[in-house]
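Undergrad: Using only what follows, build the 3D model:
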Amino acid sequence: MTVYVETDFLLALAKDTDWLRRSAEDALKEYNVETASFSYLELLLARERYEFDSVPLVANLLELVPVRNEEEKQVVLKAVNYYDGGMTPFDAFHAATAETRGMDVLSSEKDYEEIQVERLPLEPTDEK
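TA: Numbers count the residues shown, from 1 in each chain. As a prediction, this is how the structure comes out:
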């Protein structure tokens, strides 16, 4: 049976000590598990509190706790790399989603100009 898990499951596996770790490990043996990309976004938000090395952690967790499809997996992997490169977790996921979908980003966020995503300026220009 496939069950959906959320961020507390990921954290239980990611942290060295967690009161839910044994239950999560047992669940991996009993069920096929799946989560959504935003669970990995939430994991990045928790990174500073728990001091994870996000790139290898997420790559390993994606093998144990996959997302729905290959496109979603690519979003997560790209987002973690963008985050590791200095983007905020939310901007990293927006950039990864746009890139994976082959779309430009309409935004005022200048960080997109440093990566493989084309940014269309949202801010007003002097040109009329």
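Undergrad: quick one: low-confidence parts of this protein?
TA: Low-confidence segments of the chain (pLDDT under 70): 127-128.
Undergrad: Which residue ranges of it form helices?
TA: 7-14, 21-30, 37-50, 54-64, 70-84, 89-101 (DSSP state H).
Undergrad: tell me the contacts of Q116?
TA: The contact partners of Q116, taken as Cβ atoms under 8 Å, 6 or more residues apart in numbering, are E99. Placement of C-beta: from N, CA and C, glycine included.
Undergrad: now swap in P121 and tell me
TA: S108.
Undergrad: Look up how far G85 lies from it.
TA: According to Cβ to Cβ, to the nearest Å, P121 and G85 sit 22 Å apart.
Undergrad: swap in V5?
TA: Taking Cβ to Cβ, one finds V5 at 28 Å from G85.
Undergrad: Mind checking which of the two has more residues around it?
TA: Counted by other Cβ atoms under 10 Å, V5 and G85 do not tie: V5 has more neighbours, with 19 against 12.
Undergrad: you'd agree the more buried one is up against V33?
TA: Yes - under the criterion of Cβ atoms under 8 Å, V5 makes contact with V33 at 4.9 Å.
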